[in-house]
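> I would like to see how this sequence folds:
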Amino acid sequence: MDTQDRYTAAREKYFSQNPAAEREINAVSTAVIDACGMTVEDFREQRRIQAFASAAEARGIDISEFVILLMSESPEQAHEWRLEQRRKVASALGMEWSDYKNLNGIEE
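Residues are numbered from 1 along each chain as shown. The predicted model follows:
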């Protein structure tokens, strides 16, 4: 499962565990959605993404960590996924992984 698949699965899990949040999104009238110039599906998906981000923020964590907490099956898997995220950051910064680890005090 790649990162995008984990995010999608985490959102699905969140909404299955929080049906009131899903009902709130679905309760928006189609007239309001039409006024936004969006399809119902696009509007609801955008609102689901926003609600998921707000749920992470309410817990004081970023979305990536929220996904890890919802989806990891063990502390070891959670740790590996966190390292995967950090490796992506290092790569985006153009840093060698060993330099990034040293700079940020990361142990594998």
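> domain-wise, how is the protein divided?
The record's domain parsing of the chain by automatic domain parsing lists 1-71, 73-108.
> which residue is the nearest non-sequential neighbour of residue 61?
Residue nearest to residue 61 in three dimensions, not counting chain neighbours: residue 69, with 7.4 Å by Cβ to Cβ, 6 or more residues apart in numbering. Just so you know, the C-beta spots here come from the backbone N, C-alpha and C atoms, and that holds for glycine as well.
> the one you found and residue 88: what is the separation?
Using Cβ to Cβ, to the nearest Å, we find residue 69 at a distance of 18 Å from residue 88.
> tell me the SS of the residue nearest to residue 61?
Following DSSP: H, G, I helix; E, B strand; the rest coil, residue 69 is assigned to helix.
> neighbours of it, how many?
13 (other Cβ atoms under 10 Å).
> touching, it and residue 77? I think so.
No. Between residue 69 and residue 77 there is no contact under Cβ atoms under 8 Å: 11.3 Å.
> and the pLDDT at residue 86?
Reading off the per-residue confidence, residue 86 sits at a pLDDT of 94.
> what residues are up against it?
With contacts defined as Cβ atoms under 8 Å, 6 or more residues apart in numbering, the neighbours of residue 86 are 100, 104, 106.
> element containing it, please.
Assigned by DSSP states H and E, residue 86 falls within helix 75-93.
> run the chain-centre distance for that helix.
The chain centroid and the centroid of helix 75-93 are separated by 14 Å, computed with Cα atoms, centre = their mean, to the nearest Å.
> quick one: the most centrally placed residue in the chain from residue 3, how far?
Among the residues of the chain, the smallest C-alpha distance to the mean C-alpha position (Cα atoms, centre = their mean) belongs to residue 63, namely 4.1 Å. Residue 63 sits at a distance of 11 Å from residue 3 (criterion: Cβ to Cβ).
> list the buried ones in the helix or strand of the chain with the lowest mean pLDDT?
Every helix and strand of the chain was ranked by mean pLDDT, DSSP states H and E. The lowest is helix 30-35, at a mean of 88. Across helix 30-35, burial judged by 16 or more other Cβ atoms under 10 Å covers residue 33.
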